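Engineer: Show me how the following folds:
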Amino acid sequence: MSHDYRPGDVLRLECPFTETTVTGVSRCHVVVRCPWLAVDPQAEGYRWNGERALPLPEAHEWEVFRTEPPESGLAVGDACLMGIPATVVHVGSVAHYDPPLVTGLLPRPACYLDVLPQGEEYDPEPEDQCYALDPAGGEPVRIDLLFRPYAFLEPGDELADRDGRAWRFDAAWEWHAFDGGQSGAPVWPLTLLARGGAPAGTSAGLPEALSEGLSEGAVAVARATAVGSHEQERERWAGLALARPASDNR
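Structural biologist: Numbering: from 1, shown residues only. So this is what the prediction gives:
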């Protein structure tokens, strides 16, 4: 998938456990040598010593990387394994950087995914709620997309719903009605009106949506929303994320 990630994506992460060594232990953390990343010799003002601090239960922090045996049983000098067990997360936000960020490590990240564990709802205010994952980083993390709500839409799409209301889709749970009405969600089926600023074709629904002149995207939207509802899309997501969309709390 490269960097094609969106807020709301539900992902499964996994990283092979790799040999490393414990270099330090504190009340809340175990420090290990990072077996994958390299020091950035041209990063002015940044110095990285090649180590990674992993939280103990006392730290009340969430971290996707873990050790085997568990961190709480390790001491300085112990050999252990570091990796990610199969873990389901959902994406709270996505940030892109051009040029890539200078962090003191190589490779320099061009994208960060703020991910949360199952059962935790995204709140954009706390800075330390999420784990920042570089999807193209030096760690051999396997990322599988389990579910993308409204995968048949693109951010910025303009649509009409069954009741004739016009909407703009910005993200999975970010809908804006053009009539200025109360926030909410469109009623399926949906008709794609415009994508990328260009008209999508005729506004006919299925089966007329298969007629010549209707864009491929419009056909996909009509097919995907011929049955089902926004509520069912939301419930599919919640069943995997074990959480409610952040928009529910507004």
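
Engineer: starting at the chain centroid, how far to stretch 16-32?
Structural biologist: 27 Å (CA atoms, centre = their mean, to the nearest Å).

Engineer: So which bits of it are buried?
Structural biologist: If you call a residue buried by 16 or more other CB atoms under 10 Å, then stretch 16-32 has these buried ones: 17, 20, 21, 22, 23, 25, 29, 30, 31, 32. Glycine gets a C-beta too; all of them are placed from N, C-alpha and C.

Engineer: Please report the distance of the fourth one from residue 87.
Structural biologist: In this view, residue 22 and residue 87 are 22 Å apart by CB to CB, to the nearest Å.

Engineer: for the second one, same thing?
Structural biologist: Spatial separation of residue 20 from residue 87 under the definition CB to CB is 19 Å.

Engineer: Have a look at the protein and report its longest helix.
Structural biologist: Criterion DSSP state H: the longest helix present in the chain is helix 230-241.

Engineer: Alpha carbons only: can I get that one in CSV?
Structural biologist: These are the backbone C-alpha positions of helix 230-241, laid out as CSV (Å, rounded to 0.1, in the frame of the first residue of the first chain):
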residue,chain,number,x,y,z
HIS,A,230,-23.7,4.4,7.0
GLU,A,231,-24.6,2.7,10.2
GLN,A,232,-23.7,-0.7,9.0
GLU,A,233,-20.3,0.7,7.6
ARG,A,234,-19.7,2.2,11.1
GLU,A,235,-20.6,-1.1,12.8
ARG,A,236,-18.2,-3.1,10.6
TRP,A,237,-15.4,-0.7,11.7
ALA,A,238,-16.4,-0.7,15.3
GLY,A,239,-16.4,-4.5,15.3
LEU,A,240,-12.7,-4.5,14.4
ALA,A,241,-11.5,-1.4,16.2
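
Engineer: How far does it sit from its chain's centre?
Structural biologist: 15 Å.

Engineer: So which residues make contact with it?
Structural biologist: 8, 10, 88, 90, 118-119, 146-147, 149-150, 172-173, 185-188, 244-245 (CB atoms under 8 Å, 6 or more residues apart in numbering).

Engineer: Could you list which of the residues you listed belong to strands?
Structural biologist: Judged by DSSP state E, the contacts of helix 230-241 include 10, 88, 90, 146, 147 as members of strands.

Engineer: In CSV: the residues you listed, plus neighbour count.
Structural biologist: As requested, these are exported to CSV (neighbours: other CB atoms under 10 Å):
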residue, neighbour count
10, 23
88, 18
90, 30
146, 14
147, 17
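
Engineer: In those, find the pair that's most separated.
Structural biologist: Spanning the widest gap among the ones in strands among the contacts of helix 230-241 are 88 and 147, at 10.0 Å by CB to CB.

Engineer: what do those two both touch?
Structural biologist: Residues touching both residue 88 and residue 147 (CB under 8 Å, 6+ apart) are 10, 240.

Engineer: Would you map the helices across the protein?
Structural biologist: According to DSSP H, the helices that the chain contains are 216-224, 230-241.

Engineer: now the angle between helix 216-224 and the last one, please.
Structural biologist: Taking axes from the mean of the first three to the mean of the last three CA atoms, to 10 degrees, one finds helix 230-241 and helix 216-224 inclined to each other by 90 degrees.

Engineer: between the helices of the chain, which gets nearest to residue 154?
Structural biologist: Per CB to CB, nearest to residue 154 of the helices of the chain: helix 216-224, 7.6 Å.

Engineer: for residue 199, what are its contacts?
Structural biologist: So residue 199 contacts residue 193 (CB under 8 Å, 6+ apart).

Engineer: what's the spacing between it and residue 225?
Structural biologist: For residue 199, the distance to residue 225 - CB to CB - is 19 Å.
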